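Chemist: Take this sequence and fold it.
(chains A, B, C and D, ligands or ions: 4)
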Amino acid sequence: MARTISFSDATLEAMREEMRRDPTVFLLGEDIAKQGGIFGQFKGLPQEFGFDRVRDTPISEAALVGAGVGAALTGCRPVVDMHFADFITCAMDEVVNQAAKLRYMFGEQCVVPMTLRAPDGITKSAGSQHSQALESWFVHTPGLEVVVPADAEDAKGLLKAAIRSDNPTLYFEQKALFPQKGAVPDDDDFVVPIGKAKTMRDGSDVAIVTYGITVGRAMEAARELEADGIDATVLNLRTVWPLDFDAIVDAVARTHRVIVAHEAVRVGGVGAEIASFIGEHCFDELDAPVVRLGAAHVPVPFAPVLQEAMYPKAPMIADAARRLVRREL
Amino acid sequence: MARTISFSDATLEAMREEMRRDPTVFLLGEDIAKQGGIFGQFKGLPQEFGFDRVRDTPISEAALVGAGVGAALTGCRPVVDMHFADFITCAMDEVVNQAAKLRYMFGEQCVVPMTLRAPDGITKSAGSQHSQALESWFVHTPGLEVVVPADAEDAKGLLKAAIRSDNPTLYFEQKALFPQKGAVPDDDDFVVPIGKAKTMRDGSDVAIVTYGITVGRAMEAARELEADGIDATVLNLRTVWPLDFDAIVDAVARTHRVIVAHEAVRVGGVGAEIASFIGEHCFDELDAPVVRLGAAHVPVPFAPVLQEAMYPKAPMIADAARRLVRREL
Amino acid sequence: MAKTLPAIAGARRDLGVALLRMMIRIRVLEEGIEKHFLAGEIPGFAHLSIGQEAVAAGTCANLRADDAIASTHRGHGHTLAKGTSMRGMVAELFARSTGICKGKGGSMHIADFSVGMLGANGVVAGGFGLVAGAALSAVQRKTDQVAVCFFGDGATNRGPFHENLNLCAIWNLPAIFVLENNRYASTTSTAETMKIADVAIRADGYGMPSAIVDGFDAFAVYDAVAAAVERARAGGGPTFVECKTYRARGHFIGDPERYREKSEVEDVMNASDPIVRMQGLLGEALTPAEFERLWSEAREELADAVAFARSSPAPEREEAFFGAYTGDRDARNPVHAIEVRERDRFMPFAPNVGPGSQGSGH
Amino acid sequence: MAKTLPAIAGARRDLGVALLRMMIRIRVLEEGIEKHFLAGEIPGFAHLSIGQEAVAAGTCANLRADDAIASTHRGHGHTLAKGTSMRGMVAELFARSTGICKGKGGSMHIADFSVGMLGANGVVAGGFGLVAGAALSAVQRKTDQVAVCFFGDGATNRGPFHENLNLCAIWNLPAIFVLENNRYASTTSTAETMKIADVAIRADGYGMPSAIVDGFDAFAVYDAVAAAVERARAGGGPTFVECKTYRARGHFIGDPERYREKSEVEDVMNASDPIVRMQGLLGEALTPAEFERLWSEAREELADAVAFARSSPAPEREEAFFGAYTGDRDARNPVHAIEVRERDRFMPFAPNVGPGSQGSGH
Ligand SMILES: Cc1ncc(C[n+]2csc(CCOP(=O)(O)OP(=O)(O)O)c2C)c(N)n1
Ligand SMILES: Cc1ncc(C[n+]2csc(CCOP(=O)(O)OP(=O)(O)O)c2C)c(N)n1
Ligand SMILES: [Mg+2]
Ligand SMILES: [Mg+2]
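Modeler: Ligands and ions are numbered 1, 2, ... in the order given. The predicted structure is shown next:
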C-alpha cells in the first residue's frame, strides 16, 4: 500500500514517526514551531510533541549545531533545521571540526547521532545567499553522511534513516521539491538505506547519474530522448556519501556512456568525485568521456532570466546525452 | 640574481614589500605582532610598519574576516591571518556568502581585494583539528581565487600576487614548508601570476599533477623513478582556482598517463576536479586511468604512526607511477 | 493630540520636514513594492520596514555620502535614506538590467557604492563585519569617515554581533550600531530569544557607550545618532543606539502572521506611526498643503521609477556568466576563459524559460 | 604567613585535603608531561595549566560521574579532576594504543566518556555548544544532570560564547560556565582584547547570574560552583563563574614568552600558588608528613602511568583507516568498504616513516 503525498508532508511523516518511536528525538530551529516552518514542513509537530521537543530558537546557528552535537553525545538524537542550507556556513566549525571528527579522534568512545536538515537549491529568485547546494563540501569531510532525497519516497525514507543513523548526517532537502507529490509506502518502518542508490529507469544507451531535484529533470530528459530512440538509464544516488560505487560501476557497465548531473556548481562538485571514480575504475568500459553537468561557476543571480540560464535542466541534459551518444563531443 | 631563503622568510619579504608599496595593505591576526607569529612569519613587521598596520586581535575569526571584507570594500587591501586553516570554519559565512559573492550580486559595483592566509596541512601530530587542507571547498565556491605555494619562490610570488589581486584570494601555506629553504629572485616586483602552473620537471612517461607540499614529494618520487628508467613530468599548479587547464592538457598530451596528487582528502578533493576535467577534455589522449592520490577518508590522527600512514608521500607516488606505466592498475 | 504641541521653528523645523519627506518617500516606495510584488512584477523575497521609517531617516540624515552603511534584508528604507535613487532601486527589484545591481541582487542584496551603501544582506548579522571593516578602513586610511550598521533584535543573538562590537570597542573604531528593535525576529518574539528588556545592556559587555531611543520619533533617532557620529569622527569610538520600533507588516510580503494579533499592529501604528508622529511634532510649522505635497511628490517619484523599471529590459542571459571576478571579459581573463570554455560545452542549451522567468516580465 | 590562620576541621578539612590532593596530582602530572614532552616522548602540542589547578579541582569536586564537562586545549587538570586515570591520559599523550583515545586524540583532543568528560578541544570556544547540548539533553531526558564548560578569557571573544550562553539562559538549562581568566590568550593580554575589567559583566547581557571568585582558592571555587550546581539541578538555570587565575607556564610547552616578564610569573606564584594557598588554609589540620605523602603518592601514580605508557605499543598503522564512522569493520559497512577498496589501491605503499614518527617512540 502506498499513498501520494507531498515531499514536505513526507518529511513531516518521517519526523512524526521517529519522534513517536524515540523520545530522545527532538527538533531545533528558527521559526519552526509557532508557524510550522517556512515550507510548512513542521506543521502540527509542537501540538503533538510539545514545544520542548520542537523548539523555536534564537538566530544562533553555531549554537544550534553545537548544542545538537552536545545533545547527540549525551543520549539524544537531535534534528537541527538550518532554515536555509546557506547558513550551514554560520556553524561550519561545529559541523566539520566537532560533529565529523569527535568519534574518530576520541577513539570511538562516542557516537554523534545528529541530523542536520538543510533546505537548499535554486528557486524563485532567492538570490546568491539563499540558493546554494553545498553537499560537495561535506563529501570531502570524513565523518559525515550526506543524503539528498529526489522525491517524496526518498524524503521520508532518507530522513528516517538519517535520524536513526549513529553518524552525523546532513539531509539536503531541495526547496523546489517541497510541494511536489509522490508515492510513499504505508509502513512506519520504511527507511531508505543510507549508501544505496536507486535505478529509476533502465536504459542501455547512456546512464544519467544524478541526485536530488536533478533526478526529475533527468527523467524528463530520458522521456525526451526516447523520442530520438535513445534509451537512458537514470540512477538516483539518494546518498552522496557514502556513494553507492557498486551501483555506479554497474550503470557504466550497462551503458558505456555516462552523464553526471547536479544543480550544485559543476566545478568541484560531487560530479567530479563520481566522474573521476568512473575514470579510475571503469576506464576500459567507457566509450566516451564522462560528461559533467552542473551550475556555472558564478553565484546564483536574482533575475529569473539569469537564474534559469546557469544550471542544468532537462533540455540541457537531453542535449548532452544526444551529443554523447552521437560522439559529438 | 636570486637568494636562498626559507619559505617563511619568503612570505615575510612579500609582506614587507607589499606593505611598503601600498599603504592600504595591513595585517590582522591572532598573536602575529607581539611574538611574530607561530612560525615567525611576521617577525619585524610591526617594528617597521607599526602596530596599527600589524594588528594582534581577539580570538574572533568571524570578525577578522568580516572586517577584512568591509575594509576591502572601502579602499584597503587587508591580509587576514587565520592562524590555522582549520579555523576558516569559524568565518565561513564571511568567506563564502560575503567575500565571494558581493562583487557578482552587486552587479560589479565593488571589488574585494582581501587575502586570507591559511597555514594548513599535516605535520607534527597536531591532530584532527589542526591539520586539514581545505582548498577544495573554495574551488567549489565561485568568486574566490585559491593559491597553494610549493616552495619559497611560490610563497613570495603568490603572496604578492594575492595581495595585488582585486579578487578575494585564499593563500594556503603549508605549515611543514615554513622552514624549507629555496631560491627567490631578487626583484621587488617579482610576482607569480595567479592561474599559471609551472613545469618543475619535464618527462615523457607519466605526468604528476600536483601542488603545495606534494610537489616536493612528487619531485622526490620522480628522482626515484629515474632509477627505474621512468621519466616523469611534475606539474606544480601553484593556483588551484582558476586552474591552469592549458598546462594540464599539455602535460597529458606529452605523457598520456597522469597521477593527480595532494595532501588533502582524496574524496572530493581538487584532484577530482582535475581528473574529471582530463577525462572530459583529453579522453583520447589517455593510455591509462588518471590516478588520484590524497589523504584517506578519515580525520588526521594524532599518533605519528597513524598520521604518517594516511596521506601520500614520495614512495606512494612513485609506486603509483610505476604501476601506471606498467599498466598494473 | 500631538497637534497641540508648540510649533517647531528654524533649522529644527527644516530638519523635521526633511525627515518627514524621507519617511514619506520610504512609505510610498514600500507600499509600491508591496503592490507590485503582489502583482507578480517583483520576483524573490521582499521585507518591508513600514513603521520603522524614522530609524532610517533619522540615522542617515547625519551621514555624508562618503560615510558607509551596511543594511539588512529589510533595507529599502536605509538604501533610499542613504541616497540611492528610486529608479535604480525599483528597476533592481523588478530584476531589470538598469537596476542598481544590474538585476543580480534584488531586494535582499541591493547595494549602492556610489553613496556608501555597502549592501542589504541576505544573511542576518552579515553587516557587522562589513561595518567593522569600513570603520577600520577609515582609521587605516586616516579619514574622518564613519560607518553605520543597521540590524535587528534577532541579529543580536548571532556570534558576529558579539565579535564585531567587541572589536570596534577595543580599537575605538568610528562605527555606530543602530539597532532596530521591532520586537520580532520573523515569527519569534524577542522576549523568547533573550531574557533582557533592553538589548543595549549587551554593549556594556564591550565597554561601549549606548543610548536607548524612541524609534518612532525621527528627531530622537537623529539626535542620538548625531552625538554618536560626532564622537566617532572625533576618534571617540563606537556607540550603540537601540531604537524601539515596530514592524507594521509581515516579516516578508505574504507572511500569514500567525504569531501576533492584528490588533497589536493596529494599536502600535495608531499610537506611534512615525509619519503621523513627526507631523504632530511639526504642528503649525507644516501646513496641510505642504504635508500633502510631500505625499504627491513621493507618489510621482515612485510612478516615474516604476515606469522606468517597466520600460527597462531584463538582463541578457549572457550576463549570468559574468561578474564573479574582476578583469576584462574576453579570453585574456583566465577565470573567464575557463567559464566560457566550460559554458560553451552545454550552457547554450539551457532554455530561457523556467518557473521564475515569468517574473522577469518577458 | 597563611600558616597562622585558624585550622579547619571536620568535613571542611576533608574537602580541603581532597582538593589539595587533586591539585597536587594535577601539578605532578603536568610537570611530568613537561619533562617527557621535552624529552621527545610526547608528540604534538601540550598546554599546561600549572597555576590554575584550583579551578579544575574546586569545580569537579561538585560533580557526579554522570555530569558532563567540556574542556579546552589546556585540559589535563579538568580531565584528571573529572576522574580519568593517569594511565589512560599519559598513554594517550604518549600516542599509545592503550591511550584513552587509542592514540588518535592526544593532549588537545583527550576525552573520557566513561566519566562524562566530553573532550579537550583544539578549537577555542569549541566546548560551549557541547555543554549547551549536554545540558539540553539532560532536560530532554528529564534527568538532574548538569554540564560544566571550562573556557579561557580569550574564548569569551568568540561568537559561540555569545550564542550558547544566551541559549542556555533563555531555556534555563543546567549549565555552569567556569571561566579560567588567566590574564592571557596565548601571547595576548586580556586587557588588549576587551575593555572590561570583569568578563562576568557579559553574563548580564544574557540575564544569567554570575559570580567572581579568587581562582587560586580551591575552596572559593568549590563554594561558587556548589551553589551553581545546586541551582542548576533544581531547574534554576545556568550560572557564570569567573575565576581569576594565572597561567604559570608558557602558552604551550616551548613558548618563548616574550609577551611578559619572568618576574610577573614569579610574583604571582609566590603570592598565590593554589597548592601553597590550600596548605596554608588547612594550617594545623594537615601535618607536614600528610602533605608530603600527597606528593609522594602522586609521584608514584605518575611513575606507574609513565611505565604503563612506555610499555604500551603504538597503534597499528591499520587503525588509521578505522573509526570515523560507526558500524562493524568488515565490508558490510559501506563506508568502510569504500575506504578499504580505495586504500588498497595505494595506501599499503605509504611508508611507516616520516618526520613525526620518531615521536611515536619506535
Ligand atoms: C544567518 C541567518 N539565519 C537565519 C536567516 C533567516 N531570517 C531572515 S530574517 C530573519 C529574522 C531577523 O530578525 P531581526 O534581526 O530582528 O530583523 P527584522 O526581520 O526584525 O527586521 C531570519 C531568521 C537568515 N537570513 N540568516
Ligand atoms: C578558533 C580558534 N582560534 C585560535 C586558536 C589558536 N589558539 C589556541 S589557544 C589560544 C589562546 C586561548 O586563550 P584562552 O581562551 O584565554 O585560554 P588559555 O590558553 O589562556 O587557557 C589560541 C588563540 C584556536 N585553537 N581556535
Ligand atoms: Mg526584529
Ligand atoms: Mg587565557
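Chemist: quick one: contacts for whatever residue of the stretch 251-362 of chain C ends up closest to chain D?
Modeler: Among residues of the stretch 251-362 of chain C, the one nearest chain D by CB to the nearest CB turns out to be C:Y259. It sits 16.8 Å away. Placement of C-beta: from N, CA and C, glycine included. Residues near C:Y259 by CB atoms under 8 Å, 6 or more residues apart in numbering or on different chains: A:K34, A:Q35, C:Y184, C:T187, C:T188, C:S189.
Chemist: what residues are up against the second one?
Modeler: If I follow you right, that is A:Q35. A:Q35 sits next to C:T187, C:P256, C:R258, C:Y259 when contact means CB under 8 Å, 6+ apart.
Chemist: Buried subset of these, written for ChimeraX?
Modeler: This is the ChimeraX syntax for the buried subset of the contacts of A:Q35, where burial follows 16 or more other CB atoms under 10 Å in any protein chain shown:
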select /C:187,259
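Chemist: Narrow the contacts of A:Q35 to those in strands?
Modeler: In strands, judged by DSSP state E, none of these are found.
Chemist: and of the contacts of A:Q35, the nearest to B:A10?
Modeler: Of all the contacts of A:Q35, B:A10 sits closest to C:T187, with 53.9 Å by CB to CB.
Chemist: Find the nearest non-adjacent residue to A:A161, please.
Modeler: A:V191 (4.4 Å; CB to CB, 6 or more residues apart in numbering or on different chains).
Chemist: The one you found falls within a helix, correct?
Modeler: No: judged by DSSP: H, G, I helix; E, B strand; the rest coil, A:V191 forms no part of a helix; its state is coil.
Chemist: any chance you could map the strands in chain C?
Modeler: Counting by DSSP E, the strands of chain C are C:68-70, C:147-152, C:175-181, C:184-185, C:188-189, C:210-214, C:239-244.
Chemist: Any stretches of the chain with poor pLDDT?
Modeler: Since no chain was named, I'll use chain A. For chain A, the stretches flagged by pLDDT under 70 are A:329.
Chemist: Sorry, I should have been clearer: chain C.
Modeler: Applying pLDDT under 70 to chain C flags residues C:1-6, C:328-362.
Chemist: Name the residue of it with the shortest distance to chain B.
Modeler: Closest approach of chain C to chain B (CB to the nearest CB) occurs at C:G129, with a separation of 1.5 Å.
Chemist: which ones are touching the residue of the stretch 151-300 of chain A found nearest ligand 2?
Modeler: Shortest the stretch 151-300 of chain A-to-ligand 2 distance, computed as CB to the nearest ligand atom: residue-wise this is A:P168, at 19.8 Å. By CB under 8 Å, 6+ apart, the contact set of A:P168 is A:69, A:72, A:95, A:99-100, A:112-116, A:143-145.
Chemist: ok, and the closest non-adjacent residue to C:G250?
Modeler: The shortest distance from C:G250 to any non-neighbouring residue, by CB to CB, 6+ apart, is to C:E257 (5.0 Å).
Chemist: Apologies, that question was intended for A:A118.
Modeler: Closest to A:A118 by CB to CB, 6+ apart is A:A85, at 3.7 Å.
Chemist: what's near enough to touch the one you found?
Modeler: Contacts of A:A85 (CB under 8 Å, 6+ apart): A:A118, A:P119, A:D120, A:G121, A:Q132, A:A133, A:L134, A:F172.
Chemist: List only buried entries from those residues.
Modeler: Neighbour counting over the contacts of A:A85 (16+ other CB under 10 Å) leaves A:A118, A:P119, A:D120, A:G121, A:Q132, A:A133, A:L134, A:F172 as the buried ones.
Chemist: Tell me which stretches of the stretch 1-150 of chain C form helices.
Modeler: C:10-38, C:53-60, C:76-82, C:86-93, C:127-140 (DSSP state H, counting those that start in this stretch).
Chemist: can I get the ones you listed in TSV with distance to C:A248 and mean neighbour count?
Modeler: Listed next are the helices of the stretch 1-150 of chain C as TSV, based on distance: least, CB to CB, whole Å; neighbours: other CB atoms under 10 Å in any protein chain shown:
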stretch	distance to C:A248	mean neighbour count
helix C:10-38	10	19
helix C:53-60	10	30
helix C:76-82	12	27
helix C:86-93	20	25
helix C:127-140	22	30
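Chemist: Grab the most central residue of the chain for me.
Modeler: All of this refers to chain A. In chain A, the centroid-proximal residue (CA atoms, centre = their mean) is A:V148; its distance is 1.3 Å.
Chemist: Chain C, not that one
Modeler: C:G75 (2.4 Å).
Chemist: Would you confirm that that residue contacts C:I110?
Modeler: Yes: the pair C:G75 and C:I110 qualifies as a contact (CB atoms under 8 Å) at a distance of 6.4 Å.
Chemist: what touches both of those two?
Modeler: The contact sets of C:G75 and C:I110 overlap at C:A120 (CB under 8 Å, 6+ apart).
Chemist: Tell me the residues of the stretch 101-250 of chain A that contact chain C?
Modeler: By CB under 8 Å from any CB of the partner chain, the residues of the stretch 101-250 of chain A that approach chain C are A:T123, A:K124, A:S125, A:A126, A:G127, A:S128, A:Q129, A:H130, A:A176.
Chemist: Give me the spatial nearest neighbour of the fifth one, chain neighbours excluded.
Modeler: What that stands for is A:G127. Nearest non-adjacent residue to A:G127, counting by CB to CB, 6+ apart: A:F302, 4.6 Å away.
Chemist: cool, the first one as well?
Modeler: For A:T123, ignoring the flanking residues on the chain, the nearest one in space by CB to CB, 6+ apart is A:A176 at 4.1 Å.
Chemist: got a list of what the one you found touches?
Modeler: By CB under 8 Å, 6+ apart, the neighbours of A:A176 are A:G121, A:I122, A:T123, A:K124, A:I213, C:P355.
Chemist: residue boundaries of the helices in the stretch 151-300 of chain A?
Modeler: Here the stretch 151-300 of chain A has its helices, by DSSP H, counting those that start in this stretch, at A:152-164, A:213-227, A:245-255, A:270-281.
Chemist: got the contact list for the shortest one?
Modeler: When contacts are defined by CB under 8 Å, 6+ apart, helix A:245-255 is touched by residues A:196-197, A:199, A:202-207, A:209, A:232-233, A:235, A:237, A:258, A:274, A:277-278, A:281-282, A:285-286, D:338, D:341.
Chemist: what angle sits between that helix and helix A:270-281?
Modeler: Per axes from the mean of the first three to the mean of the last three CA atoms, to 10 degrees, the angle that helix A:245-255 makes with helix A:270-281 is 70 degrees.
Chemist: Kindly provide the distance from A:I38 to C:V28.
Modeler: The gap separating A:I38 from C:V28 is 29 Å, by CB to CB, to the nearest Å.
Chemist: should've said C:A309
Modeler: Counting by CB to CB, the separation of C:A309 from C:V28 is 15 Å.
Chemist: Kindly report the same for C:V229.
Modeler: C:V229 sits 27 Å away from C:V28, taking CB to CB as the criterion.
Chemist: likewise C:L302?
Modeler: Taken as CB to CB, the span from C:L302 to C:V28 is 5 Å.
Chemist: hey, what's A:A183 bridged with?
Modeler: The residues listed as beta-bridge partners of A:A183 by DSSP bridges are A:T4.
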